[in-house]
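give me coordinates for this.
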Amino acid sequence: MQYVKPLPTGLIQRYRGWQATEYEDNKSWYKHLADLGQHPRSMVISCCDSRVHVTAIFGADQGEFFIHRNIANLVPPYRPDGDHHGTSAAVEYAVKALNVAHILVLGHSNCGGVKGCLDMCADDGHDQGSEFSFVSKWLEILSPSYPSIADVDDPAEKLRAFEHAAVRSSLANLMTFPFVSEAVNSEKLSLHGLWHDIGYGKIWALDPAHGEFRML
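Here you go, the predicted structure:
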């Protein structure tokens, strides 16, 4: 496999530092996790963006969150067509195998994926023929929400509104999965919408009573 290269030295050094400190100090806990298996109470669906550090935001330890990341923290509608569905598979496993009690959809500020969809929709989808064919296709999940924010004039407010719309869209699409809606209706599962302002370190939660995001 000539296309595979050795791991960068800097990453090797950081791994060895972690193994000598964090792992060594908590060796029994890691062995417990390995033997016990995972039993997370919550699933988090967040963006791939490297600035979104889910476990740090919530002070979570290993084994607490079942985390799935994708472009713009989107969940597609339920579509059992036999194709490859990474996000749908993760949701299915979290709900049916792990029996999580909570699913958190976490959006964030200045999301490149949401901005890409915004530009694509404003250009009537002409950008879909760009070099980012996989990304453009994926962002079509969000495009039906564009009319709800199309009349917002300020660019920054418009992007934030669309980021909020991405969270709402994912929550609505989650409810199209029969096993999710069944678990929600039987009160075995709760859904939560969050938006993270990276620059200010704030979390805004979707208030189910009013349908608006409110700062925690």
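
only C-alpha atoms for contact and neighbour calcs from this point on.
Will do.

domain parsing of this structure, as residue ranges.
Described in terms of automatic domain parsing, the domain architecture of the chain consists of the residue ranges 1-37, 38-215.

looking at the ones you listed, which one is packed in the most?
Ranked by mean neighbour count, those are led by domain 38-215 with a mean of 17 (mean count of other C-alpha atoms under 10 Å).

tell me, what's the model's pLDDT at Ile71?
pLDDT, Ile71: 98.

quick one: contacts for it?
Residues counted as contacts of Ile71 (C-alpha atoms under 8 Å, 6 or more residues apart in numbering) are 47-49, 113, 135, 138.

any chance of the residues you listed in CSV, with pLDDT, secondary structure and distance to Pro144 too?
Shown next, in CSV, are those (pLDDT from 0 to 100; DSSP: H, G, I helix; E, B strand; the rest coil; distance: C-alpha to C-alpha, whole Å):
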residue, pLDDT, secondary structure, distance to Pro144
Cys47, 98, strand, 19
Cys48, 97, coil, 22
Asp49, 97, coil, 23
Gly113, 97, helix, 15
Val135, 94, helix, 16
Trp138, 96, helix, 12
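
what about the strands in this structure?
Secondary structure of the chain (DSSP state E): strands at 42-47, 65-70, 102-108, 190-197, 202-207, 212-215.

who does the first one pair up with?
For strand 42-47, the paired strands and their directions (DSSP bridges) read strand 65-70 (parallel), strand 102-108 (parallel).
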